[in-house]
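Starting from these lines, generate the structure:
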Amino acid sequence: MEERQRGQSRRNPKSRRRQRGPAAGWLVLLLVAAAAAAVSVFFLRHLKVQEEERAKTRDSSEAVVTEYFPGDDRNEAAKDSAASEENLEGKMPMTVEEALQEMTLREKVLQLFMVTPEALTGVDEVYAAGAKTEESIREYPVGGIVYFKQNLRSPDQVKDMLTRTQKYFRDNTGIEAFLAVDEEGGQVSRISGREEFGIASFPDMSEIGASGEPQKAYEVGDKIGTYLADLGFNMDFAPVADVLTNPENTVVARRSFGTDGAVTAAFSNEVVKGLQAHGISAVLKHFPGHGGTTADSHDGYAATERTLEELMAEDFVPFLEGGRAGARFIMSGHIAAPAVTGDNTPASMSPKMITEILRGTLGYDGIIITDALNMGAVTSSYSSADAAVRALQAGNDMLLMPEKFQEAYQGVLTAVENGTLSEERINQSVERILKVKFH
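Reported below is the predicted structural model:
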């Protein structure tokens, strides 16, 4: 049998070769598959290494950005600035009446406050808006935020910060905030004259007034309004409407348009027109007029000795005419007028000066905002809570920069709850505020 098999093998060599062919093919396929698997493993390992390197790069980038967004969440800060422009339409109520009906007492009281971003967030220095800003706005949706030089570093930085901030207000409250700055031009400027912004300085307003050409004042307002609107602001603490009636005054000497009430009114009104043509709400300051004082209310007690008749003839004229011209705000100063009120109460705390004269005699029905409540003329005599309540009782609508924001806010809320202030009184101010915001 073996012999037969060997014989058959010798007789069929082609058959043997045919049997080897398929085996060799399978071997080749196995070798190819093994090679492919090895390549795949190598490729996957290479991808994993690349991903790990990218992750390290992302972590490093976020760590750097965090330093730029003090107090803010790392991931929030790392978002591309383009994301801050999304969903800006918000949910603004259709009417002032609808908004008032929907708002809680707490929300209405918070609308009365304008604070710094530092006071709102508790961060030492704010120059960006991220998770901490959003969280603070959600907890304390104030009526507005005022920014100073340390908050403003470059055009792109300011645009991103203000865009994000306004978006947080829209998303959380449906109501925009006043985003303000002190940009008078000349002596008081937070933006112009700084190399980072590439905007030339303006002459002092005393020089503009001395030109005798009100058109120059309009050009100042127009230029300032243009770049403030571009940056994202909607409010400017300008112009100075103080008449320089005291030659010894150094507080507003360079900031005032002059010594004549009618001339000052003409020039300050042109600034108002220029600003508001770009959607920037103007603020006439500082009623009843800082031009008649010698002391600076930033430091402590400041007073004008002028009588009501003298004030009506000169100092009040720019505020009267400015109100008629459509200025959306008037700032009340911490300036005592004892010849008018009979005591040393600052005008900002005086019902006679604010409600009786500014509202009644001069007929102003726009928003009245106090000068900064952290100034010496206030803090030397009043607590933050007391100052806030007294200012509202006097007839002011908005409270600027209380020394202690939380204390002032709680003081007003408590005053309404215990009947010292009526909710109707709060509603009157909130209505004026919303009319401008919904304008």
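
if I look at residue 352, how far off is residue 339?
Counting by CB to CB, to the nearest Å, the gap from residue 352 to residue 339 is 12 Å. From N, CA and C alone the C-beta is placed, and that goes for glycine too.

Of those two, which one has the most company?
Neighbours were counted for residue 352 and for residue 339 using other CB atoms under 10 Å; residue 352 has more, 19 against 15.

Next up, identify which helix or strand residue 179 is on.
strand 178-181 (DSSP states H and E).

and for that strand, what are the contacting residues?
114, 143-148, 152, 162, 165-166, 190-191, 228, 232-237, 281, 283, 437 (CB atoms under 8 Å, 6 or more residues apart in numbering).

Which of these fall in helices?
Residues from those lying in helices, with DSSP state H as the criterion: 162, 165, 166, 228, 437.

Pretty sure the second one sits against residue 145.
Going back to what we said before, that points to residue 165. Yes - counting by CB atoms under 8 Å, residue 145 is a contact partner of residue 165 at 6.8 Å.

the more surrounded of those two?
Set residue 165 next to residue 145 and count neighbours by other CB under 10 Å: residue 145 wins out with 29 against 24.

for that one, what are its contacts?
Residues near residue 145 by CB under 8 Å, 6+ apart: 114, 115, 116, 117, 120, 165, 177, 178, 179, 180.

What is the nearest of those to residue 98?
Nearest to residue 98, judged by CB to CB, of these is residue 177 at 18.7 Å.

doesn't residue 166 make contact with the closest one?
Yes - Residue 177 is within contact range of residue 166, at 6.5 Å (criterion: CB under 8 Å).

what's the neighbour count on the nearest residue to residue 401 once chain neighbours are set aside?
Excluding the flanking residues, the one nearest residue 401 by CB to CB, 6 or more residues apart in numbering is residue 372, at 4.2 Å. Residue 372: 23 surrounding residues under other CB under 10 Å.

do residue 177 as well
Count around residue 177 with other CB under 10 Å applied: 23.

how near is it to residue 429?
If you go by CB to CB, the gap between residue 177 and residue 429 works out to 16 Å.

what does residue 215 give?
Taken as CB to CB, the span from residue 215 to residue 429 is 36 Å.

what about these two, which has more around it?
The residue with more neighbours, out of residue 215 and residue 429, is residue 429; 22 against 11, by other CB under 10 Å.

Now do the contacts for the residue nearest to the more buried one when sequence neighbours are not counted.
Leaving aside its chain neighbours, residue 429 sits nearest to residue 397 (3.8 Å; criterion: CB to CB, 6+ apart). If a contact means CB under 8 Å, 6+ apart, then residue 397 has 112, 367, 368, 369, 428, 429, 432, 433 as its contacts.

show me where the stretch 251-400 of the chain has helices.
261-276, 308-310, 317-324, 338-341, 351, 376-379, 384-394 (DSSP state H, counting those that start in this stretch).

Please convert those helices to TSV, extending it with distance to residue 171.
Output for the helices of the stretch 251-400 of the chain, formatted as TSV (distance: least, CB to CB, whole Å):
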stretch	distance to residue 171
helix 261-276	27
helix 308-310	48
helix 317-324	34
helix 338-341	44
helix 351	38
helix 376-379	34
helix 384-394	27
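
out of the ones you listed, which comes closest to residue 292?
So among those, helix 308-310 is nearest, using CB to CB, at 8.3 Å.

in the protein, which residue is closest to the centre?
residue 179 (3.4 Å; CA atoms, centre = their mean).

Can you list the low-confidence ranges for this protein?
Residues of the chain that meet the criterion pLDDT under 70 lie in 1-94.

by how many degrees do the strand ranked longest in the chain and helix 261-276 diverge?
Taking DSSP state E as the criterion, the chain has its longest strand at strand 281-287. Per axes from the mean of the first three to the mean of the last three CA atoms, to 10 degrees, the angle that strand 281-287 makes with helix 261-276 is 150 degrees.

what's the angle from strand 281-287 to helix 317-324?
150 degrees.

chain center to strand 281-287: distance?
Using CA atoms, centre = their mean, to the nearest Å, the mean C-alpha position of strand 281-287 is found 18 Å from that of the whole chain.

And for residue 332, the neighbour number?
28.

which residues sit in contact with the nearest residue to it once chain neighbours are set aside?
Nearest residue to residue 332, sequence neighbours excluded (CB to CB, 6+ apart): residue 348, at 4.2 Å. By CB under 8 Å, 6+ apart, residue 348 lies in contact with 332, 333, 334, 354, 370, 371, 378, 391, 394, 396.

How about residue 439?
Taking CB under 8 Å, 6+ apart as the test, what residue 439 contacts is residue 328.

Likewise for residue 404?
residue 384.

Please apply the same query to residue 296.
Going by CB under 8 Å, 6+ apart, residue 296 touches 251, 302.

how close does it get to residue 310?
21 Å.

coming back round to it: of the contacts of residue 348, which pair is most distant in space?
Most distant of the contacts of residue 348, by CB to CB, are 354 and 378, 14.5 Å apart.

now the strands for the stretch 101-250 of the chain?
Using DSSP state E, counting those that start in this stretch, the strands of the stretch 101-250 of the chain run over 113-115, 144-147, 178-181, 235-236.

got the CA coordinates for the second one in CSV?
Provided in CSV are the C-alpha atoms of strand 144-147 (Å, rounded to 0.1, in the frame of the first residue of the first chain):
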residue,chain,number,x,y,z
GLY,A,144,-25.5,99.8,35.8
ILE,A,145,-21.7,99.4,36.0
VAL,A,146,-19.2,102.3,35.9
TYR,A,147,-15.6,101.6,34.6
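
How far does it sit from its chain's centre?
4 Å.

How about the third one?
On the basis of CA atoms, centre = their mean, strand 178-181 is displaced by 5 Å from the centre of the chain it belongs to.

returning to that earlier point: buried members of the contacts of strand 178-181 into ChimeraX, please.
Entered in ChimeraX, the line below selects the buried ones among the contacts of strand 178-181, by 16 or more other CB atoms under 10 Å:
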select :114,143,144,145,146,147,152,162,165,166,190,191,228,232,233,234,235,236,237,281,283,437
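
Domain-wise, how is the protein divided?
Domain assignment for the chain by automatic domain parsing gives 2-68, 93-437.

Highest mean neighbour count out of these?
domain 93-437 (a mean of 20; mean count of other CB atoms under 10 Å).

Which elements pack onto whichever strand or helix holds residue 414?
Taking DSSP H and E as the definition, one finds residue 414 inside helix 405-417. Judged by 3 or more CB pairs under 8 Å, 6 or more residues apart in numbering; DSSP states H and E, the packing partners of helix 405-417 are helix 105-111, strand 113-115, helix 384-394.
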